[in-house]
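Peer 1: pasting the structure only:
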């Protein structure tokens, strides 16, 4: 069917895939010292991570306006889409799905808004699954089933360089950010249905990387995998090389420098992955 | 005609005498330390264990010897501190087992009881080491077995002689003792307990004011504060260099006529005298010492004012221990300082037992901690090699499900806590925590309490020394030099993170100054400074 696809900038899909599948990506807003930037448009990720550690006032993030979403829906419908499927960042972490849903009320029955329960490629993989199902000629009900299936097999985890950004984000229960408390701790966390859960605590980058690798290799065969980092390309490449002989991995494994509005809340020098387990 | 047997009351008297004689010789036993560090004091640990043993029977009028011995064993078990205390408690347990059902003790029963004591003690240790208190218990039992006397007093005399000989022989069995030029401290402690019993029977004094001179650096004047006697509320400390012909015995006798809490330290020709005196006598010790030599330093303080200050200073920040619910796992950790306690608490520890190098907690301290936790699943982090045995003993006594994660150092304990999960299966979690112990390197910086050559390192008393994973590694003149040498020896450059936990002897400013210095030397490594608050150790260092 002629299905229009919409997501938000935290989906972290690479530009070539966005172009190929004609996905409308709504940029979230980043605010640094009173100045607003459109995520991925007005500020590059490289520039952002270079500045982040030195920023006196921590940056904040904001959802786009309902109008930003309505404009995308209208554009796709006007271009001939029979329906619009929009998949966004977890509702537990942002108001984006709520605002996008509000914007959809203007187009009754024409727009389906899903919250991904995830972040970064955790969103992106669900959008990709929808795009591929659309390309395979599936009807909307089947496309939605494919997205649900992808979501149920998703695992997103990260080894953060510090707990500080997570603590400041206000998006994680104090019980978790208090872990380690007085010591400098590098937490290894998992994002599950919009909840950030601790997987392990480490004091050194090396140990944290090992814990993350352990979490990844424990998943078994994978359908999709992307290595994520926050301004730590070398660390991501190093991690990828650790996977060299691991069985059951997809042919293509991407490396993505996570977008600024996520980086704001997890901090620089983080390493992570988004993976979709193969169907049993 | 000698007594043919001891009854319960006679045994009680002997236990009291053993305790008294051990107390008199406590510092002598403490000084028998292989490492020149202020380590878990064997004499103190054994004394505290014996005190607990005697407290159990202090009010008892039990005439049955077997039952009296059982009570002593119970008290020793509850109060056992440190490795030597735990083994001592096991000796008592076996001894009591050997006396079970005996109303009185004759020579043959005594020999049998010492054989049981030996067997129980050996069984209580995973890898028995010869040249220790275990060997002494073995030699005693052997001597008793071959003795032909039917007089229990003669039997005791034979036992004491065998203990003495066995202790003197320990350096031949344990090379590290020979290297350090000492006999085994635990064995010596056992000897003093037995000798005290014999001295009691022979009518010899148990509290003869022995003259004991300790190394200057080992003088612990803070502890002296605890026993301020009424009217003796001025503390006088005088450092001096004596003239020729200085006579220690008459010096002691003169001091005893002036005051209490007398301590004398010596090092490199210097003496330090410490005494508590009444207000009107506060200049007397100084005038007296002036006759004996050259005074280099004098300090006079009002102890009562000092005590008030100490009490006012106890408004320490409160600890936020992790709440635990029934069914969850609770961690009980041993911590030697407030800063470390706070860090352990922040990592999810539910109960803290105070203790460390110089104060080993007792079995009962652990049991009290267990009792206060609303869960049956408990993991212990002893955080010191001398406390592991007491932790295991506590595990053996309680009905709760306890796992001991055998952390030998603070950094090991912290590394283990990173793998703690209160919700998971307790055996699995304990296994995971145990596997984390070796992931870390521990450094310790302290001041040598005497001169020695050990592990190929020559140390002069008063030098700053560094231990690497419990082994003497470096000796230097300053704390910072010792830190630098230690890190080099640890090949810190190949690691990522160096965490310095500074002790109570070091100011935060000084700790940070040294940390900055280390950071300059190791620009690739992360150097973190934390308040540890531990006594005697300027730094505990984790390298990972």
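Peer 2: Perfect, thanks for sending it. Values in this document were obtained by computation on a predicted structure and should not be read as measured data.
Peer 1: Can you pull out the low-pLDDT segments for the stretch 151-300 of chain B?
Peer 2: B:208-231, B:267-268 (pLDDT under 70).
Peer 1: which residue ranges form the helices in it?
Peer 2: Applying DSSP state H, counting those that start in this stretch to the stretch 151-300 of chain B gives helices spanning B:152-173, B:175-180, B:185-201, B:221-224, B:248-258, B:284-292.
Peer 1: where are the low-confidence patches of chain B?
Peer 2: For chain B (pLDDT under 70), the answer is B:1-3, B:35-40, B:208-231, B:267-268, B:303-319.
Peer 1: For it, what lies in contact range of chain A?
Peer 2: When proximity is defined by CB under 8 Å from any CB of the partner chain, chain B lies next to chain A at B:342-343, B:345-348, B:414-415, B:418-419, B:439, B:495-497, B:499, B:526, B:528, B:530, B:544. To be clear about C-beta, it is placed using only N, CA and C from the backbone, and glycine gets the same treatment.
Peer 1: Try it again at 6 Å.
Peer 2: Within chain B, the positions adjacent to chain A are B:343, B:346, B:418, B:496-497, B:528, B:544 by CB under 6 Å from any CB of the partner chain.
Peer 1: for residue B:501, what are its contacts?
Peer 2: B:530, B:532, B:540 (CB atoms under 6 Å, 6 or more residues apart in numbering or on different chains).
Peer 1: Pick the one among the residues you listed closest to chain A.
Peer 2: Comparing the contacts of residue B:501 against chain A with CB to the nearest CB places residue B:530 closest, at 6.7 Å.
Peer 1: Remind me which helix or strand the closest one belongs to.
Peer 2: Per DSSP states H and E, residue B:530 falls inside strand B:526-531.
Peer 1: Could you spell out the sheet neighbours of that strand, each with its direction?
Peer 2: Strand B:526-531 has the following strand partners under DSSP bridges: strand B:497-502 (parallel).
Peer 1: Buried residues in the helix or strand bottoming out on mean pLDDT in chain A, which are they?
Peer 2: Every helix and strand in chain A was compared by mean pLDDT, DSSP states H and E; the lowest is helix A:174-177, with a mean of 70. Under the neighbour-count criterion of 16 or more other CB atoms under 10 Å in any protein chain shown, helix A:174-177 has A:176-177 buried.
Peer 1: How far does it sit from its chain's centre?
Peer 2: Offset of helix A:174-177 from its chain centre (CA atoms, centre = their mean, to the nearest Å): 22 Å.
Peer 1: next one: stretch B:282-300
Peer 2: That offset, for stretch B:282-300, works out to 33 Å (CA atoms, centre = their mean).
Peer 1: now do stretch B:352-367
Peer 2: 10 Å.
Peer 1: Name the residues that touch it?
Peer 2: For stretch B:352-367, the surrounding residues in contact (CB under 6 Å, 6+ apart) are B:38-40, B:45, B:78-82, B:333-336, B:341, B:369, B:384, B:386-387, B:390, B:393-394, B:398.
Peer 1: can you tell me which of these are in helices?
Peer 2: Cross-referencing these against helices under DSSP state H gives B:45, B:78-79, B:82, B:341, B:369, B:390, B:393-394.
Peer 1: Looking at these, spot the one nearest residue B:265.
Peer 2: Using CB to CB, residue B:45 is the member of the ones in helices among the contacts of stretch B:352-367 that sits closest to residue B:265, with 22.0 Å.
Peer 1: tally of neighbours for that closest one?
Peer 2: 31 (other CB atoms under 10 Å in any protein chain shown).
Peer 1: For stretch B:234-252, which outside residues touch it?
Peer 2: Against stretch B:234-252 from outside (CB under 6 Å, 6+ apart): B:211, B:271-277, B:279, B:282, B:285-286, B:289, B:292-301, B:303.
Peer 1: And for the residue of the stretch 201-350 of chain B at minimum distance from chain A, the neighbour number?
Peer 2: At 2.7 Å from chain A, residue B:346 is the closest residue in the stretch 201-350 of chain B, using CB to the nearest CB. The number of residues packed near residue B:346 is 20, by other CB under 10 Å.
Peer 1: what's the answer for the one 5 residues further on, then?
Peer 2: Around residue B:351 there are 22 other residues, counting by other CB under 10 Å.
Peer 1: Kindly provide the distance from it to residue A:68.
Peer 2: Per CB to CB, to the nearest Å, residue B:351 is found 54 Å from residue A:68.
Peer 1: try residue B:92
Peer 2: 80 Å.
Peer 1: hmm, back to that, for PyMOL, write the selection for the buried entries among the contacts of stretch B:234-252.
Peer 2: In PyMOL syntax, the buried subset of the contacts of stretch B:234-252 is picked out as below (16+ other CB under 10 Å):
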select buried, chain B and resi 271+272+273+274+275+276+277+282+285+289+292+293+303
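Peer 1: Take the contacts of stretch B:234-252 and keep only those in strands.
Peer 2: B:271-277, B:293-301 (DSSP state E).
Peer 1: farthest-separated two in those?
Peer 2: Largest pairwise distance in the ones in strands among the contacts of stretch B:234-252, by CB to CB, is 23.9 Å, between B:276 and B:294.
Peer 1: Name the nearest residue to residue A:229, ignoring sequence neighbours.
Peer 2: residue A:236 (4.0 Å; CB to CB, 6 or more residues apart in numbering or on different chains).
Peer 1: Report whether that neighbour is found in a strand, as I expect.
Peer 2: No. Assessed with DSSP: H, G, I helix; E, B strand; the rest coil, residue A:236 is helix; it does not lie in a strand.
Peer 1: which residues does it contact?
Peer 2: Residue A:236 sits in contact with A:227, A:229, A:255, where contact means CB under 6 Å, 6+ apart.
Peer 1: Within the helices and strands, which one has the second one?
Peer 2: Just to be clear, that refers to residue A:229. Residue A:229 belongs to strand A:222-230, assigned by DSSP H and E.
Peer 1: for that strand, packing partners?
Peer 2: Judged by 3 or more CB pairs under 6 Å, 6 or more residues apart in numbering or on different chains; DSSP states H and E, strand A:222-230 is in contact with helix A:233-242, strand A:254-257, strand A:270-277.
Peer 1: Now mean pLDDT too, for those, in a markdown table please.
Peer 2: Shown next, in a markdown table, are the helices and strands packed on strand A:222-230 (pLDDT from 0 to 100):
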| stretch | mean pLDDT |
| --- | --- |
| helix A:233-242 | 96 |
| strand A:254-257 | 96 |
| strand A:270-277 | 98 |
